[in-house]
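S.K.: Take this sequence and fold it.
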Amino acid sequence: MSNFEFLDALGQIARDQNIDEGELLQALANALLAAYKRRDDSAEDAEVEINPETGEIKVWGLELDLDGNVIREWDATPKDFGRIAAQTAKQVLMQLIRDIQRRQMYEEFANREGDIVSGTVQQNDNRYTLLDLGRVEALLPQAEQIAFERYEHGARVKVYIVEVRKTNKGPQIVVSRTHPALVAKLFEIEVPEIASGLVEIKALAREPGHRSKIAVASNDAMVDPVGACVGARGSRVRNITNELKSERIDVVPYSDDPVEFIQAALQPARVREVRLDETEGTATVIVHDQQLSLAIGKEGQNARLAARLTGWRIDIRSETQENEDGEEVTEEVWVDEDANEVVDVTEIVEPNGEVIDVVEVEEFDGDGNVVADAVAVVEASNDDAPEDNA
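M.R.: Numbers count the residues shown, from 1 in each chain. As a prediction, this is how the structure comes out:
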C-alpha cells in the first residue's frame, strides 16, 4: 500500500467512525515510536512524524540539552520501517478506534445523567436487567426496578440515567425505573407547557409502582398548571401512568402558603382546618370524620406522600378525635328583664369528664346602664337558671 493509499484508508476510517483524522495520525505516530524504541539500534531520544499530506513516515533522532531542548536532530528512519509501520498500523488503528469510541460514548452519556432514554430489554438475572440503548448497553439494577414489573426480552422501556461510570471497557450506564425524577421527566415529555417553562414542577414525592404526588405552578396567569398536566380528559397524565404500569399520579397546585399547600397535597381528601407549629415543623390537620381514611390513605400512603411533598410533618385528626382530646365548650345566654340582669353561662367539659359552669351576670338600671357585674365558677347544676352569685 502506497503512502497515499494509506492516507485515504485512514481518512475513510475516521469518517466512518466519526473520529478526528489528526487524532488517528497522532495515535499511530505514538505507536510507531514505541515500536522503534524496542529496536536495539534506536536513538535514545526520538520522535515519529507522519506527513498528513503525503503519508510519509520519518523517525527523527534527537539530541537534547539538560533543559530538554533539541540541539540537534537527524533522520533515524530504519530501512525496514515501512514493514514495521504496516504491521503496527492495523493493530494500533483497531485499538485506537475502540478507545476513541468508548471515550466518545462516555462523554456523550456523562452529559446525560438525569435524562430519560428508551432501551430494549436484552437479558435478566437476579442482579440486574441489561438494556440496549443503541450504541451502548445500560444496567437496570434490581434496586432500581419497580417490584412487580416484569421486563420481557425485546420489550422497550423508558428509564432515568442515574450514573455514568468510566471503565476500561467503556462507559457503564446505570439507569432507574424507581427514581422520582423519572416522573418529572415524563411530564416534561408529555406536557409542552412544562418543556417551555410556562408550567413549573415545584415538588414531587413518589412511592414507585404505587403512587406519586406532583405539585405544579404556572408562570403565566392564563395557564392552569394542573389542567395543562392532566390534559384533555386526562390524556397527558394517562400516557404517563401507562408508561409507569398504572402507577397513580396526583397532580396538585403548588402554593407558597403552607396551609393551602398542605390542603392541596392531601387531595383527594377535603381538609377542614390546618394548624401549623413552625417551631416544630409540624402541621395538625383536622378533617371531617368521613374524610379521615381518605386523608390518611391506604397504609398511610396519602399522608406520607403529602408530608414528603410539602416538607411538613403532618398529623391528621378527625373532628371527633379533636373534640375527645380537648375541652368541649357550649354557651348559653339569656336576659331576665324582670330582674334587670343578663346571665351568660358557659359550660365547659374538661378532658377528664368534669363539668363546670362559668357564670357571668350583669345587672343594669332602667336606662340600660350596667350597675353591677360578677363572674362565678360553679359546678354544673340541673336548675333551669344559675344561682345569682353577685
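S.K.: Give me the domain ranges for the chain.
M.R.: The chain breaks down by automatic domain parsing into domains covering 3-110, 116-176, 192-254, 257-325, 328-379.
S.K.: Can you add distance to residue 186 and give the ones you listed back as a markdown table?
M.R.: For the C-beta atoms, the positions are set from N, CA and C on the backbone; glycine is no exception. Formatted as a markdown table, the domains of the chain follow (distance: least, C-beta to C-beta, whole Å):
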| stretch | distance to residue 186 |
| --- | --- |
| domain 3-110 | 20 |
| domain 116-176 | 7 |
| domain 192-254 | 5 |
| domain 257-325 | 17 |
| domain 328-379 | 50 |
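S.K.: I'd like these written out as CSV, with distance to residue 185, mean pLDDT and mean neighbour count added.
M.R.: Output for those, formatted as CSV (distance: least, C-beta to C-beta, whole Å; pLDDT from 0 to 100; neighbours: other C-beta atoms under 10 Å):
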stretch, distance to residue 185, mean pLDDT, mean neighbour count
domain 3-110, 15, 85, 14
domain 116-176, 4, 91, 16
domain 192-254, 10, 96, 17
domain 257-325, 18, 92, 17
domain 328-379, 51, 49, 13
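S.K.: thought residue 263 was touching residue 271?
M.R.: Yes - Residue 263 is within contact range of residue 271, at 4.5 Å (criterion: C-beta atoms under 8 Å).
S.K.: For the most centrally placed residue in the chain, which non-adjacent residue is closest in space?
M.R.: By C-alpha atoms, centre = their mean, the chain has its centre lying nearest to residue 181, at 3.0 Å. Spatial nearest neighbour of residue 181, chain neighbours left out: residue 160 (5.8 Å); criterion: C-beta to C-beta, 6 or more residues apart in numbering.
S.K.: Packing partners of whichever strand or helix holds that neighbour?
M.R.: Element membership of residue 160 [criterion: DSSP states H and E] is strand 156-167. Counting contacts by 3 or more C-beta pairs under 8 Å, 6 or more residues apart in numbering; DSSP states H and E, strand 156-167 packs against helix 81-110, strand 116-124, strand 137-141, strand 170-176, helix 180-190.
S.K.: so which of these comes closest to residue 226?
M.R.: helix 180-190 (11.8 Å; C-beta to C-beta).
S.K.: mind checking which helix or strand the spatially closest residue to residue 231 that is not a sequence neighbour is in?
M.R.: Using C-beta to C-beta, 6+ apart and skipping residues adjacent in sequence, the residue nearest residue 231 is residue 237, 6.3 Å away. Assigning secondary structure by DSSP H and E places residue 237 in helix 235-243.
S.K.: So which elements touch that helix?
M.R.: helix 180-190, helix 225-230, strand 248-253.
S.K.: CA atoms only: put that helix into CSV for me.
M.R.: Written as CSV, here are the backbone C-alpha positions of helix 235-243 (Å, rounded to 0.1, in the frame of the first residue of the first chain):
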residue,chain,number,x,y,z
SER,A,235,-54.9,12.2,28.2
ARG,A,236,-51.5,13.5,29.2
VAL,A,237,-51.4,12.1,32.7
ARG,A,238,-52.8,8.8,31.4
ASN,A,239,-49.9,8.4,29.0
ILE,A,240,-47.5,8.7,32.0
THR,A,241,-49.4,6.3,34.2
ASN,A,242,-49.4,3.8,31.3
GLU,A,243,-45.7,4.1,31.0
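S.K.: quick one: the helices in the stretch 251-390 of the chain?
M.R.: Applying DSSP state H, counting those that start in this stretch to the stretch 251-390 of the chain gives helices spanning 258-265, 292-296, 301-310, 319-325.
S.K.: Nearest approach to residue 195 belongs to which of those?
M.R.: helix 301-310 (22.2 Å).
S.K.: Other residues contacting that closest one?
M.R.: 203-207, 210-213, 215, 250, 252, 258, 261-262, 265-266, 269, 283, 294-297, 313-314, 316 (C-beta atoms under 8 Å, 6 or more residues apart in numbering).
S.K.: Recalculate using a threshold of 6 Å.
M.R.: 203, 205, 211, 213, 215, 261, 262, 265, 266, 296, 314, 316 (C-beta atoms under 6 Å, 6 or more residues apart in numbering).
S.K.: how long is stretch 77-86 from one end to the other?
M.R.: Distance across stretch 77-86, first residue to last, is 14 Å (C-alpha to C-alpha, to the nearest Å).
S.K.: err, stretch 147-160, not the other one
M.R.: Stretch 147-160 end-to-end distance (C-alpha to C-alpha) = 16 Å.
S.K.: what about that stretch, distance to the chain center?
M.R.: 20 Å (C-alpha atoms, centre = their mean, to the nearest Å).
S.K.: Next: stretch 168-188.
M.R.: The answer for stretch 168-188 is 10 Å, by C-alpha atoms, centre = their mean.
S.K.: Use 30 as the first number for this chain going forward.
M.R.: Done: numbering now begins at 30, and the last item shifts to stretch 197-217.
S.K.: Using CSV, write down the CA coordinates of that stretch.
M.R.: C-alpha atoms of stretch 197-217 as CSV (Å, rounded to 0.1, in the frame of the first residue of the first chain):
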residue,chain,number,x,y,z
ASN,A,197,-11.7,0.2,30.7
LYS,A,198,-14.4,-1.5,28.7
GLY,A,199,-16.3,1.7,28.1
PRO,A,200,-19.0,3.6,29.9
GLN,A,201,-21.1,1.7,32.4
ILE,A,202,-24.6,3.4,32.4
VAL,A,203,-26.8,2.8,35.5
VAL,A,204,-30.5,3.5,35.0
SER,A,205,-33.6,3.5,37.1
ARG,A,206,-37.3,2.9,37.0
THR,A,207,-37.9,4.0,40.6
HIS,A,208,-36.2,7.4,40.7
PRO,A,209,-38.7,10.2,41.5
ALA,A,210,-37.2,12.3,38.7
LEU,A,211,-38.4,9.8,36.1
VAL,A,212,-41.9,11.0,36.7
ALA,A,213,-40.8,14.7,36.3
LYS,A,214,-39.0,13.8,33.0
LEU,A,215,-42.1,12.0,31.7
PHE,A,216,-44.1,15.1,32.4
GLU,A,217,-41.6,17.2,30.5
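S.K.: Understood, closing this out.
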